[in-house]
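Novice: Build me a model from this:
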Amino acid sequence: MRNDHPAPTGGTPRTVLMCPGQGAYLPGALRHLGQVPAVQRVLRTVDAHGTALGGPRTSVGRLLTDAGAPDPDRLVRTDPLAFDLATYAAVVASATVLLDLAATPVHAVLGHSVGDLAALTVAGVVTLEQGVRLLHVRDRLLRDAALPAAGLLATDLTAELAADLLRAEDLPQVRIAARNAPGQTVLAGPEDQLAALGRTTRALGRRATPLTSRTAYHHPLLTEVHRAFRRLLRAQPVAPPTLPVYTATVPGPARTPAQLRTIAAAHLCEPLAFHRSLSALRLAGFTTYLDSGPRALLSTLARAGLPGCTTAAPSRTPVGVDRIRHRLAAALR
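Specialist: Take a look at the predicted model:
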């Protein structure tokens, strides 16, 4: 996953490749890229290593190359491990294609939620095999934890308004999970409390959309899972990143092995401050923000939070190499 260009210094404009989390799964997202060698390698490795570890029941390669594959809601209910692996594989494969096709350098990667694991893979910190193994371990920990029904709710509230509403409605178990943009805040908590909060939010004339998620990520509910995952990560070898790795949980790039390992587990408990991370990158001279997902989720957030910057999602909707190259050229000219 190399992009062999040194990062510029001084005031030279920079480009960051953004790696989305679980919202990146789209049935058949890679069906027009299935014959690209780099994409084939990712899908075959994920499926082969996943099978060797005892699952999932569904082929990740089929999920990402067949438009008739299960939709996100169905897949997360019936085979959550396949959902996680397909999300990871889709982002890593798409990011690899973008790095290969970009005519000008990409200078950093930025992960969002569980997309941090894809960002670490793209930057060469962990291998594909490690990524698959970590997702298998995380799946076992989540299943063994026997967590209550919980999830995520996206709103068009500011973080301040969301906090006020949580206090007014007396919902102490609901927490702010992500400050994604000035007008997008994601909340996490038990399903019944999120449902009540959603009704209240919509009654105020605001948007509230349940997100496809197996649990309430970025929430203290996962504290014990987080601790167990962190203990396992201590034994994982990590390589020096080939690109600086940024995350939405802490400002600045991760540099030390301990920081890089911390990133891989942060999505379980740590709240996201994606807008803060984007602002820090802007101050560091990053002016172009490329989304490696098929849904343009992060490029939409970057466009909302960074007026005047260049944003693009070259892999949005299933497209082939020529279309991706054209979109990249338009974004990076």
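
Novice: For A90, which residues are in contact?
Specialist: 24-26, 29-30, 64, 293-294 (C-beta atoms under 8 Å, 6 or more residues apart in numbering). Yep, even glycine has a C-beta here, placed from its N, CA and C like the rest.

Novice: from those residues, which would you call buried?
Specialist: 24-26, 29-30, 64, 293-294 (16 or more other C-beta atoms under 10 Å).

Novice: From those, which land in helices?
Specialist: Judged by DSSP state H, these include L64 as members of helices.

Novice: can you redo the buried ones among the contacts of A90 as JSON lines with distance to A196?
Specialist: Shown next, in JSON lines, are these (distance: C-beta to C-beta, whole Å):
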{"residue": "A24", "distance to A196": "29"}
{"residue": "Y25", "distance to A196": "28"}
{"residue": "L26", "distance to A196": "30"}
{"residue": "A29", "distance to A196": "34"}
{"residue": "L30", "distance to A196": "38"}
{"residue": "L64", "distance to A196": "36"}
{"residue": "G293", "distance to A196": "31"}
{"residue": "P294", "distance to A196": "32"}
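
Novice: all helices of the protein, in order?
Specialist: Under DSSP H, the chain gives helices at 37-52, 60-65, 72-78, 80-101, 115-122, 128-144, 159-169, 191-203, 223-233, 257-269, 274-283, 297-305, 321-332.

Novice: looking at those helices, which is closest to R214?
Specialist: helix 80-101 (4.6 Å; C-beta to C-beta).

Novice: Keeping just the C-alphas, turn the closest one into CSV.
Specialist: Taking Å, rounded to 0.1, in the frame of the first residue of the first chain, the C-alpha atoms of helix 80-101 are listed here in CSV:
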residue,chain,number,x,y,z
PRO,A,80,-22.0,-9.3,11.4
LEU,A,81,-18.5,-10.6,11.0
ALA,A,82,-19.0,-10.7,7.2
PHE,A,83,-20.3,-7.2,7.4
ASP,A,84,-17.2,-6.0,9.3
LEU,A,85,-14.8,-7.8,6.9
ALA,A,86,-16.6,-6.6,3.8
THR,A,87,-16.4,-3.0,5.0
TYR,A,88,-12.7,-3.4,5.8
ALA,A,89,-11.9,-5.1,2.5
ALA,A,90,-13.9,-2.5,0.4
VAL,A,91,-12.0,0.4,1.9
VAL,A,92,-8.6,-1.1,1.7
ALA,A,93,-9.1,-2.2,-1.9
SER,A,94,-10.6,1.1,-3.0
ALA,A,95,-7.8,3.0,-1.2
THR,A,96,-5.2,0.8,-2.9
VAL,A,97,-6.6,1.6,-6.3
LEU,A,98,-6.7,5.3,-5.6
LEU,A,99,-3.1,5.3,-4.5
ASP,A,100,-2.1,3.4,-7.6
LEU,A,101,-4.0,5.7,-10.0
